[in-house]
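**Student:** following is a predicted model, sequence given first.
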Amino acid sequence: MAIKMIDYDALISGSIDMHLHPGPDAFKCRVDALEAANQAKQAGMKAIVLKNHSYPTAPIAMMVNQLVPDFTVFGSVCLDYEMGGLNARAVEYSARAGARVVWMPTFSSANSIDKMRGLGLPLEGEGYSILDDKGQLVPEIHQILPIVKQHDMVLASGHMSPAETFALEKEARKLGIDKFVVTHPLDHEFFSQAFSKQDLVLLAKNGAFIEFTLIALLSWEFRHDPAEMVDVIKTVGAEQCIMSTDLGQIWNPRPVEGLRMFIVTLVKYGITEDEINLMTKINPGKLLGLSA
């Protein structure tokens with residue numbers, strides 16, 4: 001029986017990484033934003049999204065786009081303590097500066113902060129929840145969502161709990177926001193309350209995109225089984241999934257090589273080339289307004 005040879009260069013070409021952490025940062029990174037863009041362009045990728053937990057990345061994206069032609073770098077904002085938490089003004093500024101993604105609190109989420117402390121991060125406070133003690137969305141969310149809608153931004157769940165994520169997705173959908181991403185929900189080591197597979201199926205049926213990251217397969221302490229990830233992708237349906245690397249850390253591979261490793265791994269575990277193209281090209285392209 002002939003063995004089908006996979007053209008991994010073709011699978012990388014035109015891909016988009018919607019979640020990576022290059023420098024500059026307070027911590028040493030494997031690559032800076034300019035290096036990440038140049039390496040991605042050299043590999044034939046179409047775009048990347050810069051994420052930082054501590055500052056808005058749209059200004060850096062502006063500069064890198066001037067230095068790396070025929071490639072697109074998007075900025076974002078992550079609503080952690082350093083950004084003032086659920087700060088509508090920070091979202092408004094970033095949107096006007098060209099940011100395309102806004103993440104709800106990650107390390108500073110009430111659903112994550114204790115877990116992140118356990119992983120060694122020096123975090124203080126109780127963290128932010130987007131639900132009040134009656135289970136209703138806090139007022140700040142009603143200030144943030146119209147900005148997301150007006151600027152056609154991608155709304156990502158960050159490290160929120162399932163209950164928060166369902167409440168936010170429902171309100172976003174009510175306002176006509178149709179670009180909603182559930183941030184690496186299989187990485188349960190980051191969450192006090194984790195997602196079930198059925199949670200993800202329901203969110204995807206509502207139109208949310210479910211994100212899967214390579215970093216979940218790399219951690220020496222919390223390494224996940226690729227077969228579990230593939231099972232969830234198959235159950236949810238690749239048409240509602242995206243693949244990101246979440247890389248940039250000094251101890252991990254460069255993001256572009258990480259994406260290649262991720263693609264190779266999922267193909268070996270049964271994901272098809274068409275499903276890879278959906279998760280790395282077509283779906284991220286829809287979210288960011290880029291043609292396939």
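**Tutor:** Looks like it came in fine.
**Student:** where does pLDDT dip in the stretch 1-150 of the chain?
**Tutor:** 1-4 (pLDDT under 70).
**Student:** swap the cut-off to 90 and go again
**Tutor:** 1-5, 26-27, 118-125 (pLDDT under 90).
**Student:** would you map the strands across it?
**Tutor:** 16-20, 47-50, 72-74, 76-78, 101-103 (DSSP state E, counting those that start in this stretch).
**Student:** can you tell me which of those strands is packed in deepest?
**Tutor:** Most buried of these, by mean neighbour count (mean count of other Cβ atoms under 10 Å): strand 16-20, with a mean of 28. (Each C-beta comes from the backbone N, C-alpha and C, glycine too.)
**Student:** with just CA atoms, put that strand into CSV.
**Tutor:** Output of strand 16-20 as CSV, limited to C-alpha atoms (Å, rounded to 0.1, in the frame of the first residue of the first chain):
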residue,chain,number,x,y,z
ILE,A,16,-2.1,32.4,10.7
ASP,A,17,-1.0,32.1,14.3
MET,A,18,-3.6,34.0,16.4
HIS,A,19,-1.8,33.6,19.8
LEU,A,20,1.9,34.1,20.4
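**Student:** what comes into contact with it?
**Tutor:** For strand 16-20, the surrounding residues in contact (Cβ atoms under 8 Å, 6 or more residues apart in numbering) are 36, 40, 45-51, 101, 154, 181, 183-184, 211, 213, 242, 244-248, 255-256, 259, 280-281, 284-285, 287-288, 290.
**Student:** so which of these belong to helices?
**Tutor:** Counted as lying in helices by DSSP state H, out of the contacts of strand 16-20, are 36, 40, 255-256, 259, 284-285, 287-288.
**Student:** mind putting the residues you listed in a markdown table, neighbour count and distance to L123 included?
**Tutor:** Formatted as a markdown table, the ones in helices among the contacts of strand 16-20 follow (neighbours: other Cβ atoms under 10 Å; distance: Cβ to Cβ, whole Å):
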| residue | neighbour count | distance to L123 |
| --- | --- | --- |
| A36 | 28 | 26 |
| A40 | 27 | 31 |
| P255 | 29 | 25 |
| V256 | 27 | 30 |
| L259 | 27 | 29 |
| P284 | 28 | 30 |
| G285 | 17 | 35 |
| L287 | 23 | 29 |
| L288 | 20 | 30 |
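**Student:** would you turn these into CSV with distance to S161?
**Tutor:** As requested, those are arranged in CSV below (distance: Cβ to Cβ, whole Å):
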residue, distance to S161
A36, 31
A40, 33
P255, 28
V256, 33
L259, 29
P284, 25
G285, 29
L287, 23
L288, 26
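**Student:** of the residues you listed, closest to I60?
**Tutor:** Using Cβ to Cβ, A36 is the member of those that lies nearest I60, at 10.5 Å.
**Student:** can you pull the contacts of the nearest residue to that closest one once chain neighbours are set aside?
**Tutor:** Distances taken as Cβ to Cβ, 6 or more residues apart in numbering place P22 nearest to A36, at 4.2 Å, with adjacent residues excluded. Applying Cβ under 8 Å, 6+ apart to P22 gives the contacts 29-33, 35-36, 50, 248, 255.
**Student:** with distance to A194 added, can I get the strands of the stretch 1-150 of the chain in TSV?
**Tutor:** Converted to TSV, those look like this (distance: least, Cβ to Cβ, whole Å):
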stretch	distance to A194
strand 16-20	19
strand 47-50	24
strand 72-74	28
strand 76-78	20
strand 101-103	18
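**Student:** I'd like to know which of those is closest to I271.
**Tutor:** Per Cβ to Cβ, nearest to I271 of the strands of the stretch 1-150 of the chain: strand 16-20, 16.9 Å.
**Student:** direction included, what does the closest one pair against?
**Tutor:** Looking at strand 16-20 with DSSP bridges, its partner strands are strand 47-50 (parallel).
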